[in-house]
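Novice: build me a model from this:
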Amino acid sequence: DDAVAALGPTNPLLPAFGQRSEQAYNRRVYERSAGRYALMDRQMVQSVGRGTVESCDLFSIDRQLIHVKRYTGSGTLSHLFNQGVVSAELLAYDRTFRQAFNELLPATQRLAQPAAAIVPSEYEVAYAIIPRRGRQLVLPFFSKVTMRNAARLLRQIGFRVSLTAIPNP
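Specialist: Coordinates of the predicted model:
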């Protein structure tokens, strides 16, 4: 509980959900962001040894890899937390992934030298969870354990980590 509570929210906060799907939500956030976010949802990036991977749902000008997921149970959340770890590791260690990721970004958000190693402390892995309609987000025990472990791994690499509940009135 303490490890999860210690994670701050994504800054700036993401808008309320109010959509029918994650895909529609991600598109709305992107379209209303005035260039703050790049829409990366469902855009697969090639890596060495891991095949294709979805890097994130939204990538911000502040170098936030934002992973958005509706809460449907602990299995869904475990997938979300592990997706964040895998994409961050690939961004940090896989030049092929970094270059392919960079090609999908708008010119305003591209990495200056995608072949060069990144500085992980300049990036944030932001987990954004949409709770069930009208409810507060309460993570199940095993999701808390998975989140704690994911945050620990990401911080060891050097990434900042945040956890945000997206309002779903």
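Novice: quick one: pLDDT of residue 112?
Specialist: Reading off the confidence values, residue 112 has pLDDT 91.
Novice: which helix or strand lies directly C-terminal to the helix or strand residue 89 falls within?
Specialist: For residue 89, the host element (DSSP states H and E) is helix 74-93. Using DSSP H and E, the helix or strand that follows helix 74-93 in sequence is helix 95-104.
Novice: need the residues that contact that following helix.
Specialist: Contacts of helix 95-104 from elsewhere in the structure, counted by CB atoms under 8 Å, 6 or more residues apart in numbering, are 38, 40, 43, 45-48, 53, 55, 90-91, 110-111, 114-115, 118. Where C-beta positions appear, they are placed from N, C-alpha and C, glycine not excepted.
Novice: secondary structure element for residue 161?
Specialist: strand 160-165.
Novice: okay, angle between that strand and helix 74-93 too, please.
Specialist: Interaxial angle, strand 160-165 versus helix 74-93 (axes from the mean of the first three to the mean of the last three CA atoms, to 10 degrees): 150 degrees.
Novice: and strand 160-165, which strands flank it?
Specialist: strand 124-130 (parallel) (DSSP bridges).
Novice: what's the following helix or strand after the strand it pairs with?
Specialist: helix 141-157.
Novice: ok so, going back, in ChimeraX, how would I select the buried members of the contacts of helix 95-104?
Specialist: Selection of buried members from the contacts of helix 95-104 for ChimeraX, criterion 16 or more other CB atoms under 10 Å:
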select :38,40,43,45,47,53,55,90,91,114,118
